[in-house]
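**Q** output the structure for:
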Amino acid sequence: MTDIATPEFLNELQSLYPAPERYVDSGWYLAAAVAFSSSNHPEAVSCVLRHALDDLGKLPDTSDEDRKLLVRKMRESIFKSGLLSGYPKVIHALISLYEATPEELRDTELMRDPTRSKEEVAAAGQAYFDLQYGDTAAEIQPMLRSIYPDLEHFTMTLGYGYVYAFLEVISSKETSFAIISALIANDTLDQVKWQLTGAVRNGATIEEVRGVREIALKIAMKAGILKHEVPNI
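**A** Numbers count the residues shown, from 1 in each chain. Modelled structure (predicted):
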């Protein structure tokens, strides 16, 4: 089942994303891990991890902290993608990631603060939602409330407050990459155009966004998921 993530294909995916100054800041392995997870190929996530760790190990002055950060970023991106692709897929992808992670690079403590009050989480969610949706937030939030009040509450508190607004592992830009990759790999494309431009608002370059889009598109096509045309930026 790992044939989908051959070394040749992973090299091709990596070449689509502009090379950053620091390898751990690359979006290629985040986009690839999320797209494989969302397209229901969790076994390929471990291949992405091994490929990225091997690349990182070839660089001078690479530390265990660099390797641990790379693993954390992959894990957090997959976790955030679960709001779009579903947590059954995420569980299998994270199992694959965990089993491929050297023991010394595994985290055993919570990343998020469990002592935060519901009010704090909700306020963080509202602020992040407003930031991401800008002028359209005033239209979208009431729409969510009207179609199902529980959906609006979930979105503001758990979705945005607990999941997306936590930026201590991956940034807003990288969170956008996870969202874009998950949407494309699920063939749920209505929001892709907006999310592509949203990633630019969150600090990504046009070239980086196009790279993430192309990575997710190629994985979704290879997995036989994609049935519709993917918007571009």
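**Q** chain neighbours aside, what residue packs nearest to the residue positioned nearest the centre of the chain?
**A** Centroid-nearest residue in the chain, with Cα atoms, centre = their mean: Ala178, separated by 2.1 Å. Distances taken as Cβ to Cβ, 6 or more residues apart in numbering place Ser77 nearest to Ala178, at 4.2 Å, with adjacent residues excluded. In this view, the C-beta of every residue, glycine as well, is placed from N, C-alpha and C.
**Q** what does His51 give?
**A** Counting by Cβ to Cβ, 6+ apart, the residue nearest His51 is Leu10, at 4.8 Å.
**Q** for the one you found, what are its contacts?
**A** Contact partners of Leu10, counting by Cβ atoms under 8 Å, 6 or more residues apart in numbering, are Ala32, Cys47, Val48, His51.
**Q** average model confidence for the helix or strand harbouring the last one?
**A** Pointing back at His51 there. Following DSSP states H and E, one finds His51 within helix 43-57. For helix 43-57, mean pLDDT is 97.
**Q** give the contact list for the closest residue to Ser172 other than its chain neighbours.
**A** Nearest non-adjacent residue to Ser172, counting by Cβ to Cβ, 6+ apart: Asn202, 4.1 Å away. Asn202 sits next to Gln132, Ser171, Ser172, Lys173, Thr175, Ser176 when contact means Cβ under 8 Å, 6+ apart.
**Q** which ones among the residues you listed lie within helices?
**A** Counting by DSSP state H, the part of these found in helices is Gln132, Ser172, Lys173, Thr175, Ser176.
**Q** my guess is the third one contacts Thr205. True?
**A** No. Here Lys173 lies out of contact with Thr205, judged by Cβ atoms under 8 Å, at a distance of 9.5 Å.
**Q** so for these two, which residue has more residues nearby?
**A** The neighbour comparison of Lys173 against Thr205 (other Cβ atoms under 10 Å) goes to Lys173, with 21 against 12.
**Q** now Arg75: which helix or strand?
**A** For Arg75, the element it lies in under DSSP H and E is helix 64-85.
**Q** from Leu13, how far off is Pro7?
**A** In this view, Pro7 and Leu13 are 11 Å apart by Cβ to Cβ, to the nearest Å.
**Q** looking at those two, which is more packed in?
**A** Ranked by neighbour count (other Cβ under 10 Å), Pro7 and Leu13 place Leu13 first, with 25 against 11.
**Q** need the pLDDT of that one.
**A** Predicted confidence (pLDDT) for Leu13: 98.
**Q** just the C-alpha atoms of the helix or strand hosting it, please, in PDB.
**A** Using DSSP H and E, Leu13 falls within helix 7-15. The C-alpha coordinates for helix 7-15 follow below in PDB (Å, rounded to 0.1, in the frame of the first residue of the first chain):
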ATOM      1  CA  PRO A   7      10.700   8.100  -3.500                       C
ATOM      2  CA  GLU A   8      10.400   9.400  -7.000                       C
ATOM      3  CA  PHE A   9       6.900  10.800  -6.400                       C
ATOM      4  CA  LEU A  10       7.900  12.300  -3.100                       C
ATOM      5  CA  ASN A  11      10.900  14.000  -4.800                       C
ATOM      6  CA  GLU A  12       8.500  15.400  -7.400                       C
ATOM      7  CA  LEU A  13       6.200  16.700  -4.800                       C
ATOM      8  CA  GLN A  14       9.000  18.300  -2.900                       C
ATOM      9  CA  SER A  15      10.200  20.100  -6.100                       C
END
